[in-house]
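> Sequence first, predicted model second:
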Amino acid sequence: MSPTDATAAATPEDIRAARQKLDAHAYETVQWHFHPSSGCPFWLEKSKELKFDPLKEVKTYDDLKKFPEFQDEWLRGGPVRRWVPQGLAKKPVYVFETGGTTGIPKSRISIDDFRTDYELFSDTLPEQYFPRGANWLMLGPSGPRRLRLAVEHLAQHRGGICFCVDLDPRWVIKLIKKGWMEHLEAYKQHVIDQAISVLGAGHDIRCMFTTPKLLESLATALEARGSSIKESGITGIFSGGTEFTPQWTRFACEELLDGVYMTPTYGNTLMGLACSRPVRAEDGYKITYYAPQPRAVIEVVEFDNYHQSVGYGQTGRVKLTTLTKEFFVPGFLERDEGEREQPYAKYPWDGISGVRPFHELAEATTVGVY
Amino acid sequence: MLEIPVLRWGKPYESLEKEDVLHFLTGEPLAKVHQANAGLVQRDMRQAQRARDVLRDIPCDELIGRIRKAADLYLSGTLPVGTGMQSPDEFARMQSATTGLPVHMAKANMTKNHFVLSHMDQVLDALTRGLDLSILTSGYGVEQRGVVVSYQAQSPVLGLVLPSNSPGVHTLWLPVIPMQIGLVLKPGPQEPWTPYRMTAAFTEAGIPREAISIYPGGADVGAAVLSSAERCMIFGGAPTVERYKGNPRVQVHGPGFSKILLGDDVVDRWEEYIDLMADSVYLNSGRGCINCSAVWASRHTKEIAQALAEKIGPVEVKPPDDPQAALAAFTIPGSAAAIWKSIEAGFKESGVTHMTEKYGPRLVELERAAYLRPTVVHCASPEPALAKAEYMFPFVSVVECPQDKMLQSIGPTLVCTGITDDPKLQRALTDATHIDRLNIGAIPTIKLDWLQPHEGNIVEFLFRARAFQVPADRLATLAS
């Protein structure tokens, strides 16, 4: 994408069309999930408690505000099949868990959503840096998380083969909480050593998924061996999983990547993958994400009124809505906050910048998992 | 408003992340401090050897001369800090405004730092036990008594994770540069002032810029300093001490649990020592690790506690620019209240008496900060938790304990003043390995002797004495 495209504003027509598409999609999704023939047991059961009839009273996206706040506890514990829509009951089902917190994890079922998300994301990757047919390295958490399968599908969708290195974020959290920093360092080293072995094994790996922290460690370790990210053959990196700051992105671009392309992403098991507007030095490395609408929506809402979006440029909490045939989550309050951003030509709907842990929860959250 | 950049081996680096440093009473932003990220530190540490190399090009004696010049610049000069200039008065006012320390205490700390800098030759002579400093440069040499000795630097730089609350600790790293070791400083969030002012004074006095890096930032930056420098110093509470205990790369400075022990031979004359006890508890707002947190005696403890309460209990909170201000503020929201809550819980234990109760409430909460007024507690035995507590304000427990049980009960002690003429007790104190600095006789715990090592000798931490041999015919060359 040229710099001109990257900064082009969305026209009112673009914004209106996107909104109409979202309204129609919201209507269809609710019809699917609340119809006895296609809906999932969870929502069919839940609809009995609701003070409105979703099938009749949800006609637009805004009507989703009629749903009570989505409780993340609903995602903990089984039976997980209550989330499988009747209309998809015969399909093979995956279950993915979120993040690195311990205890009973939050789970969501998935059938094809992760593939769809990453195929849409694939369309945003510049061919120059992510050549078709190139092999990939997935350096991040796998296990019960969707990342490994999703990145592997991305590689396959683009005609490549994906090599994987695992990292268990729950073990990392335990190490941090116990203060076993030497073990943490050793585990990180163990993960990075595997990545360097794979990169040096003649597999022609040119693309990589990794987290910011692992990218930094990999670059440092390669340089200590007299090499670099670039010299290892990588040309494009898609990164995510933990907080991206403009300063870190600048540091990576100026001092670690030597021209290797990196695109930040923001996503999770519930929402899918939000792409960033191209990150440029002239914008102070500002990182703005746009949800994959209409499949998912990010709103930046007031801290004390989750139905009210903040003004553009204002700070608020991240509210996610997932609207796919596989999974319906209206108004899930994420553990993040950020600033609401204007739509632009490529994504004519609201974006979010400055994403960071929600200040009221930040102190209790162990950050830096990956 | 001042903007203070990251310093990467002397080169200013403007970060995209900046943190406001606020006035603790008004909330007014006083400076924007640019924030480093951990990767920056790790990356720069690849050039750490250069810091030592540029310093090693200058003889130690010459460096000491320049440090002496820096002493005066630090104390009296108007020096650059980030985008502005700062006079000594402005420095003290800023330090007070962001740390909560009264202005006159900030100035007293400047005098302390100046003393160490301007007496660096004596300090190093004492800490190295009279070593010819050129041996630190070459790594080996012949002592005056004709013996070959070798001292090997264990790291080209010393990494420091500094606190916000106690500007006095900076004296610990001042001897590092003249020993030709570079500095990697991570300032406390509320106290960027001393590292930057000291660096400005050093630079103006001719210390190479490339020898010092300063990385303000979050906990990840501190962790990066600790993981990437071969020798580090960190300041923190008991959990920090526990985490780094036994790690040879890290010298950890935590709570001092400093104490005064009154021997049975002098305890009947306790009134002679009450001023010494009060000063040890209360001076410098009781914040230092060398401030006394407990007085131990076998009898008269209730009277001692009562007399201490009479002396320091009435002390009131005063504005930070009042020359009579004796208390430093707690600037982190909720911290003073949380401390007071834990002390109040301690009062409920059997044998614990709050002796300063009648002098009014101890917790004084203002809009943006809080104070804790001096608190004296009597413990009828070593058992209650408060007998072994330490807090960052003038807090003291007067603990009743038979003399022959004291040493096994006092726990780890940074400074112990043992007031006794009993040779048996003196010997036991000398032998006690859980006492770090020992004063025998009527010496306040807070009295420092700059010619004595503080909680570990910095020279021994940075240099390893090792075996070194050369053929006899090369000895003369070595000696020259």
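Arrived safely, thanks for sending.
> Please give me every residue in contact with B:Ala201.
B:Ala70, B:Ala71, B:Leu73, B:Tyr74, B:Gly77, B:Leu79 (CB atoms under 8 Å, 6 or more residues apart in numbering or on different chains). In short, each C-beta sits where N, CA and C put it, glycine included.
> Tell me how far the second one lies from chain A.
Here the distance between B:Ala71 and chain A works out to 36 Å (CB to the nearest CB, to the nearest Å).
> Need the phi and psi values for that residue.
phi -60, psi -50 (degrees, to the nearest 10).
> would you list every one of the helices in the stretch 301-450 of chain B?
B:301-312, B:335-347, B:403-409, B:423-431 (DSSP state H, counting those that start in this stretch).
> Over to the stretch 101-250 of chain B?
B:103-118, B:120-127, B:134-138, B:193-204, B:219-228, B:238-244.
> okay if I get the helices of the stretch 301-450 of chain B as a markdown table plus mean pLDDT, mean neighbour count and distance to chain A?
Formatted as a markdown table, the helices of the stretch 301-450 of chain B follow (pLDDT from 0 to 100; neighbours: other CB atoms under 10 Å in any protein chain shown; distance: least, CB to the nearest CB, whole Å):
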| stretch | mean pLDDT | mean neighbour count | distance to chain A |
| --- | --- | --- | --- |
| helix B:301-312 | 98 | 21 | 34 |
| helix B:335-347 | 96 | 16 | 13 |
| helix B:403-409 | 97 | 17 | 28 |
| helix B:423-431 | 97 | 14 | 33 |
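> circling back to that earlier point, highest average neighbour count across the helices of the stretch 101-250 of chain B?
helix B:193-204 (a mean of 24; mean count of other CB atoms under 10 Å in any protein chain shown).
> What residues of stretch B:207-217 count as buried?
Residues B:Ile207, B:Pro208, B:Glu210, B:Ala211, B:Ile212, B:Ser213, B:Ile214, B:Tyr215, B:Pro216, B:Gly217 are the ones in stretch B:207-217 that count as buried (16 or more other CB atoms under 10 Å in any protein chain shown).
> Per-residue pLDDT of the fifth one, please?
According to the model's per-residue confidence, B:Ile212 sits at a pLDDT of 98.
> Quick one, grab the pLDDT at the residue lying closest to it once chain neighbours are set aside.
Nearest residue to B:Ile212, sequence neighbours excluded (CB to CB, 6 or more residues apart in numbering or on different chains): B:Leu183, at 4.7 Å. B:Leu183 is assigned a predicted lDDT (pLDDT) of 98.
> from the stretch 101-250 of chain B, which residue is nearest to chain A?
B:Arg243 (4.9 Å; CB to the nearest CB).
> mind checking how far that residue is from B:Ala229?
Distance from B:Arg243 to B:Ala229, counting by CB to CB, to the nearest Å: 16 Å.
> Next: B:Leu327.
According to CB to CB, B:Leu327 and B:Ala229 sit 35 Å apart.
> go on, A:Glu360?
35 Å.
> what's the answer for B:His34, then?
To B:Ala229, B:His34 is 21 Å away according to CB to CB.
> Next: A:Lys65.
Taken as CB to CB, the span from A:Lys65 to B:Ala229 is 53 Å.
> Which of the two has more residues huddled nearby?
B:Ala229 (24 against 13; other CB atoms under 10 Å in any protein chain shown).
> doesn't B:Gln154 make contact with the more buried one?
No: applying CB atoms under 8 Å, one finds B:Ala229 not in contact with B:Gln154, separated by 10.4 Å.
> Give me the secondary structure label for the residue of the stretch 201-350 of chain A at minimum distance from chain B.
Closest residue of the stretch 201-350 of chain A to chain B, CB to the nearest CB: A:Gln247 (4.1 Å). The assignment at A:Gln247 comes out as helix when based on DSSP: H, G, I helix; E, B strand; the rest coil.
> Count the neighbours of it for me.
21.
> Likewise for A:Val151?
A:Val151 has 25 nearby residues by other CB under 10 Å.
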